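>>> return atomic coordinates for the entry below.
(chains A, B, C and D)
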Number of protein chains: 2
Amino acid sequence: MEPGQIDVVRRFNRAVTRRVGALSDEYLSRDRSLGLSRLLWEVEPDGSEVRVLRSRLALDSGYLSRQLRRLESDGLVTTDPDSDDGRVRKVRLTEAGVAERATLDLASDELAASILDPLTDGQRGHLVAAMTEVERLLLASQVRIEITDPRAPDARYCLRSYFEELQRRFDTGFNPTRSISASDDEMTLPNGLLLVATAQGTPVGCGALKLHAETRIADVKRMWTSPDTRGLGLGRRILERLADEATTRGMQTLRLETNRTLTEARHLYETAGFTQIEAFNDEQYAHHWFERNLER
Amino acid sequence: MEPGQIDVVRRFNRAVTRRVGALSDEYLSRDRSLGLSRLLWEVEPDGSEVRVLRSRLALDSGYLSRQLRRLESDGLVTTDPDSDDGRVRKVRLTEAGVAERATLDLASDELAASILDPLTDGQRGHLVAAMTEVERLLLASQVRIEITDPRAPDARYCLRSYFEELQRRFDTGFNPTRSISASDDEMTLPNGLLLVATAQGTPVGCGALKLHAETRIADVKRMWTSPDTRGLGLGRRILERLADEATTRGMQTLRLETNRTLTEARHLYETAGFTQIEAFNDEQYAHHWFERNLER
DNA sequence: TCCATTCTCTGACCGTCGTCAGAGAATGCT
DNA sequence: AGCATTCTCTGACGACGGTCAGAGAATGGA
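Now for the predicted structure:
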């Protein structure tokens, strides 16, 4: 990393958090305190469970409870026991609460407008483009990749999304039972592993290995990235991490097969040290087979 | 303004203030509270006056006083009466205070690195470029232009900077007494006016008008922008604001003269509706004379 | 010399944020 | 049925951010 880059990021942090941050506090806390506004903002239109709010805002249960009482006494929300589980309580916006949220919405628009207004059209375009880029790359920098149990909820979500996407994109549709397996057991150490990438706690991608100790070959399976994080180099990061994990577990070769409709995946493999080889299995959904040597 | 732009700015505000903001709070408030860290940060190495700190951080005098006592009891600063004015007190960092600031500095670097680290080289370059752009344009959007008394400190600063720059840039140097005047009186209504542009309270540019009621001609004088805000379209904004002010005061024509070494100024005038005309005065430092019709 | 002003500090106060301990109700498991 | 667990709430407390009023010392101008 070049040293000047750190200075740029430092200056950016300082400038933006102080200026935009202070401004948004001013705009969003018309009369209500900032914490209350934020809470009001997080309540889903069709009701949120208290425990969900608590974990999302990372609040103490006692504190949150008091905040809710305050919003209730202002007539902005109601909380009733959940119909399924009597311990859980559900928070709903009242009519007044919906109205209050709309004014918050408006204030947020005004804040944005107050930044854009003084600029020329051209400057606005540049600013918006640069902001989009910063946001995208900040998101990318917050992605964490961890070995995850394939039975965990985040892993389940990724695998389900993966199958759904194949079903959509393959000419023939996709039926997992007719494809070569990668069962939960096969994706659990020591048989293999599953990497799940998360950003801000939400899963955004995955990739798995099936390890074959005898042949020292690892199969790459279940490579998937969520549509909103495409273009952030996330697939490449997962792939490199898979290669690392395979290497440290004594593998010599990575192998994988892919479908012709997944062009961006094929491009990734071709530029990540893989070479196309003869079919090494009879996966019926595959048109291309790749291999990469892990030794250097 | 396009509606989509507001959404981008809103998302950006939300994303950056929450993520970077929360992170920097975490990094910068190791054990000390955030307010104290910020205060420590603002103390100049060779001592700051209490009143300067108060105005810069916009703190209540009582509150600041207590904060200082706290830093004192931690052994990080000392406050002694100023030698010139016994009412004023000066805050100085102790050795421990300097050390503490260095650790804050380090924490700030770490925060920046934690954002850059997970990215590829290419992504880092893009992020840094986009952050620079956002910072520049946010600065531009915070510039306010106001009619200012030429005797006010901000105005004095701009005019002095203007003269210094001419002295530096003209082939012949610049001697105000040998140039056509624009005295304080001539830049005060109803004779004329001075616009001063400020960003975050610091002056960054100026421009003046001399109004001639009989001929309905206004002379543009003292056009200057600070070196760190060049390229933000600030000169153009000042010029357009001068045109507005002249129009609302019944003027029909803007006139100005400029030196051949000020190429960026000449380009500005040429693209802002001015046309070059014959010399209309004997300004000895001028090589080009321009005019713009204010009526449409 | 007198008086208004400037500057800093202390005392008193309030609301917000955040934490801890524990009570009470509902649930799930054995 | 018994018991551990989950979820929410109340009470109590403390640190922090922020404001107001006024005291006390120093200053500058009439």
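>>> got the contact list for residue A:259?
A:166, A:169, A:170, A:285, A:286, A:287, A:288 (Cβ atoms under 8 Å, 6 or more residues apart in numbering or on different chains). Using the backbone N, CA and C atoms, a C-beta is placed for each residue, glycine as well.
>>> and it, how far is that from chain B?
27 Å (Cβ to the nearest Cβ, to the nearest Å).
>>> coming back round to it: relative to residue B:57, which of the contacts of residue A:259 is nearest.
Nearest to residue B:57 among the contacts of residue A:259 is residue A:169, at 55.9 Å by Cβ to Cβ.
>>> so that closest one makes contact with residue A:261?
Yes. When contacts are counted by Cβ atoms under 8 Å, residue A:169 is listed as touching residue A:261 (5.0 Å).
>>> who has more neighbours, the two?
residue A:261 (15 against 12; other Cβ atoms under 10 Å in any protein chain shown).
>>> picking up where we left off before, just the ones of the contacts of residue A:259 in helices?
A:166, A:169 (DSSP state H).
>>> for ChimeraX, write the select line for the buried members of the contacts of residue A:259.
Per 16 or more other Cβ atoms under 10 Å in any protein chain shown, the buried members of those correspond to this ChimeraX selection:
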select /A:166,285,286,288
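>>> would you list the contacts of residue A:259 in a markdown table and tack on pLDDT?
Compiled in a markdown table, the contacts of residue A:259 are given as follows (pLDDT from 0 to 100):
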| residue | pLDDT |
| --- | --- |
| A:166 | 87 |
| A:169 | 86 |
| A:170 | 84 |
| A:285 | 88 |
| A:286 | 86 |
| A:287 | 89 |
| A:288 | 91 |
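>>> show me which of the contacts of residue A:259 neighbour chain B.
Filtering those for proximity to chain B by Cβ under 8 Å from any Cβ of the partner chain leaves nothing.
>>> just put the contacts of residue A:259 in a markdown table and tack on distance to residue B:100.
Below are the contacts of residue A:259 laid out as a markdown table (distance: Cβ to Cβ, whole Å):
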| residue | distance to residue B:100 |
| --- | --- |
| A:166 | 56 |
| A:169 | 56 |
| A:170 | 60 |
| A:285 | 61 |
| A:286 | 60 |
| A:287 | 62 |
| A:288 | 59 |
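>>> what is the nearest of the contacts of residue A:259 to residue A:133?
Once Cβ to Cβ is applied, the member of these that ends up nearest residue A:133 is residue A:169, at 27.9 Å.
>>> which residues touch that closest one?
Contacts of residue A:169 by Cβ under 8 Å, 6+ apart are A:259, A:261, A:262.
>>> make a markdown table from those residues and add pLDDT to it.
Converted to a markdown table, these look like this (pLDDT from 0 to 100):
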| residue | pLDDT |
| --- | --- |
| A:259 | 89 |
| A:261 | 88 |
| A:262 | 87 |
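>>> which one of these is nearest to residue A:237?
residue A:262 (17.8 Å).
>>> now do the contacts for that closest one.
Counting by Cβ under 8 Å, 6+ apart, residue A:262 has contacts residue A:169.
>>> at 10 Å what do you get?
By Cβ atoms under 10 Å, 6 or more residues apart in numbering or on different chains, the contact list for residue A:262 reads A:165, A:166, A:169, A:170, A:223, A:268, A:269, A:287, A:288.
>>> which one of the contacts of residue A:259 is nearest to DNA strand C?
If you rank the contacts of residue A:259 by distance to DNA strand C using Cβ to the nearest atom of the strand, residue A:166 comes first, at 33.3 Å.
>>> mind putting the contacts of residue A:169 in JSON lines, secondary structure included?
Below are the contacts of residue A:169 laid out as JSON lines (DSSP: H, G, I helix; E, B strand; the rest coil):
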{"residue": "A:259", "secondary structure": "coil"}
{"residue": "A:261", "secondary structure": "coil"}
{"residue": "A:262", "secondary structure": "coil"}
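>>> reformat these as CSV; add distance to DNA strand D.
Shown next, in CSV, are those (distance: Cβ to the nearest atom of the strand, whole Å):
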residue, distance to DNA strand D
A:259, 41
A:261, 42
A:262, 39
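>>> do I have it right that residue A:173 meets residue A:165?
No. At 11.7 Å, residue A:173 does not count as touching residue A:165 under the criterion of Cβ atoms under 10 Å.
>>> so where do the helices sit in chain A?
A:3-28, A:34-42, A:50-57, A:61-73, A:95-116, A:121-141, A:153-169, A:234-248, A:263-270.
>>> go through the ones you listed and name the closest to residue B:276.
Of those, nearest to residue B:276 by Cβ to Cβ is helix A:121-141, at 25.3 Å.
>>> so for the closest one, mean pLDDT?
Averaging pLDDT along helix A:121-141 yields 89.
>>> and it, how far out from the chain middle?
Centroid separation for helix A:121-141 versus its chain: 19 Å, with Cα atoms, centre = their mean, to the nearest Å.
>>> what bits of chain A have low per-residue confidence?
A:1, A:18, A:21-23, A:25-31, A:296 (pLDDT under 70).
>>> residue furthest from the geometric center of it?
residue A:73 (36.4 Å; Cα atoms, centre = their mean).
>>> I'd like to know how far that residue sits from residue A:79.
12 Å (Cβ to Cβ, to the nearest Å).
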